[in-house]
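model this:
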Amino acid sequence: MSGDQLKILSVADSMIAPATDAELIKPSTTRCLPPVVGPIVLRALDLLMPPINLRMPMMFKIALASSSAMREEFDKIVVKLKASLAEALELHPPVAGTIHTSPGDASVITIVCDGRGATFMTQVESRSYVESEHTLDGLSGTDLFGFDASKTIFGVKLTLFSCGTIAMITSMHHHAADLSSYMDFLDIWARLSRDDSKHLVLPESWSRDLNLTTPVAIPSTMPGILILPPSLGPLPMPALRMFDGLRWFIRDESLAQLKVDCLAYPISEDSWISSADAFTALVWGAMTRARHNIPTKTALFANNHAELESLGVAADGRERLGLGPSSTGSPTRFFGNLNLSLAVYTSRADLLEATLEATSRVARAIRKTIQDETTLEAIASRVAFIEAQVERMRPHTIDRIVLEGDCRSTNWSKYDMTEFDFGLGPSVKSVETTLGTVSTYPAGMFLIVQGKGGLVVATTVEKEADVLLRVDPLLSRYAELLSD
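Model prediction:
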């Protein structure tokens, strides 16, 4: 199905879809926890994140024969999830709170733990679920952009289809949490839902202060971050692709072979790379080659270097700062945004060369950047730089501190959404979905998620570049194009 058809379908769905029931779920009060005193002040790494809602899809299947039995089971599931969500909100006051922006200074953003709650939506469809007929935007119940302060920080929508499929889409405002904290919250909600509340581990503090040592000299520039002058005027919106970007699947065996093939071109004895480095280099190169050959390429926030290209890379700083999980399977010890938002710079010539040797060099550039920019000293310098710019640019901080990248990569493949066990009963099974890659993305972004037996990547380029990307000799050698 084409993107235009999906857009038409999305509009039609909104016109004929059954009404959505919505309820505000308040935090429970069973644990008598001490209140969070004062607002939580968002810090540098929070302010770097765009005001969007991170939406994650989970799919379940009710294995019952009759529609009445499926509806009855669905109603039980809704009751169970509402009760456990209330408990999870009590344990996570920021998620149940409200985001506030200072009227006179958009850079002063806080979360007030006022117990406002979360939005819980349900909808019942009279038709069967066909994945190719739906988008993440259409089923989520929340907008991509989180500009409306009247909306709750967290929301969830469950849609029951006549075949017994349940589409469960959760939404978390990015100013409140990055993906790691988001998944920690979902994990605790799932544990509470299946009555596994023993040994719950929560952050010792909800503060966003990382307690880093301030460097002797704060750098005047920082890779991956651009400071735009107020005189630039209103920032342009990126070119967005709605639902119709290309998607690819790389099997686990092909991913392993790609790494082996890249390692066949060693630069030095310690030039190790991960499979993720190799795959990111492969996709970045293919997208760059496709975009390089069209006249309509959009590059909003890049240095426009004569010989280099930049890739924005999300890197979690928790492990480096000793804030990772205290044990296997437990949540991390920091709730908020600790995405370091790095930038990899590499030769444009290497990206334009569709060979394994050139891809190997790009993969090593990615690995070296991650190693160099995630030391304690490098993290402290990055945070100090951003905080200094926040102070210098007031009240224009949100508008003028932007992330650099000719392309941007986001890798969510660490999380297998089918593994979230909410204890919904023996007749309800978790099923695979690639719905999360069918959404609205800016040109130049690629998103990698877990798939069954491999990885799925959504490659968003300008529409004119799709034709070239489809036939890229190196990408198509390792990955297969998913049907439109």
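
so where's the stretch 151-300 of the chain shaky on pLDDT?
Applying pLDDT under 70 to the stretch 151-300 of the chain flags residues 231-238, 269-270, 299-300.

Mind doing that once more with 80?
Scanning the stretch 151-300 of the chain for pLDDT under 80 picks out 199, 229-239, 266-271, 298-300.

quick one: the strands in it?
Along the stretch 151-300 of the chain, the stretches classed as strands by DSSP state E, counting those that start in this stretch are 154-160, 165-173, 225-227, 240-242, 246-251.

Tell me which stretches of this protein form helices.
With DSSP state H as the criterion, the chain has helices at 3-16, 44-47, 67-91, 136-140, 179-193, 252-263, 275-292, 348-352, 356-373, 376-393, 397-400, 466-470, 475-478.

any chance of the strands of the stretch 151-300 of the chain in a markdown table, plus mean neighbour count and distance to residue 319?
In short, each C-beta sits where N, CA and C put it, glycine included. Shown next, in a markdown table, are the strands of the stretch 151-300 of the chain (neighbours: other Cβ atoms under 10 Å; distance: least, Cβ to Cβ, whole Å):
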| stretch | mean neighbour count | distance to residue 319 |
| --- | --- | --- |
| strand 154-160 | 25 | 25 |
| strand 165-173 | 24 | 21 |
| strand 225-227 | 18 | 22 |
| strand 240-242 | 17 | 33 |
| strand 246-251 | 21 | 26 |
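
okay if I get those strands as JSON lines plus distance to residue 282?
JSON lines is the format used below for these (distance: least, Cβ to Cβ, whole Å):
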{"stretch": "strand 154-160", "distance to residue 282": "35"}
{"stretch": "strand 165-173", "distance to residue 282": "30"}
{"stretch": "strand 225-227", "distance to residue 282": "26"}
{"stretch": "strand 240-242", "distance to residue 282": "20"}
{"stretch": "strand 246-251", "distance to residue 282": "8"}
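
can you tell which of these is closest to residue 146?
strand 165-173 (4.7 Å; Cβ to Cβ).

Could you point out which of the strands of the stretch 151-300 of the chain sits nearest residue 350?
Here strand 246-251 is closest among the strands of the stretch 151-300 of the chain (Cβ to Cβ), at 20.5 Å.

count of residues packed around residue 111?
26 (other Cβ atoms under 10 Å).

what sits against it?
Contacts here follow Cβ atoms under 8 Å, 6 or more residues apart in numbering; on that basis residue 111 touches 39, 40, 42, 94, 97, 98, 99, 100, 153, 175, 176.

which residue sits closest to the first one, ignoring its sequence neighbours?
Distances taken as Cβ to Cβ, 6 or more residues apart in numbering place residue 110 nearest to residue 39, at 3.7 Å, with adjacent residues excluded.

One more: the last one?
Nearest non-adjacent residue to residue 176, counting by Cβ to Cβ, 6+ apart: residue 153, 4.8 Å away.

ok, so what distance separates the one you found from residue 51?
The gap separating residue 153 from residue 51 is 12 Å, by Cβ to Cβ, to the nearest Å.

Pick out whichever of those two has more residues nearby.
In terms of neighbours (other Cβ under 10 Å), residue 153 is the more surrounded of residue 153 and residue 51; the figures are 25 against 16.

could you list every residue that touches the more buried one?
94, 95, 96, 97, 98, 99, 111, 118, 172, 173, 176.

So residue 264 sits against residue 363, correct?
No. Assessed by Cβ atoms under 8 Å, residue 264 is found out of contact with residue 363, at 11.9 Å.

quick one, what contacts residue 474?
Here residue 474 is in contact with 282, 285, 286, 354, 355, 356, 359 (Cβ under 8 Å, 6+ apart).

typed the wrong thing, it's residue 26
Residue 26 touches 86, 89, 96, 115, 117, counting by Cβ under 8 Å, 6+ apart.

any common contacting residues for residue 153 and residue 51?
residue 173.

Using CSV, list the CA coordinates for stretch 433-443.
Extracted C-alpha coordinates of stretch 433-443, given in CSV (Å, rounded to 0.1, in the frame of the first residue of the first chain):
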residue,chain,number,x,y,z
THR,A,433,4.6,-6.0,15.1
THR,A,434,6.5,-3.6,12.9
LEU,A,435,3.9,-0.9,13.4
GLY,A,436,6.5,1.3,15.2
THR,A,437,8.3,1.9,11.9
VAL,A,438,5.2,3.2,10.1
SER,A,439,5.0,6.8,11.4
THR,A,440,6.0,10.3,10.7
TYR,A,441,9.8,10.9,10.4
PRO,A,442,12.0,13.7,9.1
ALA,A,443,14.1,13.2,6.0
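
Since that was my last question, I'll sign off now.
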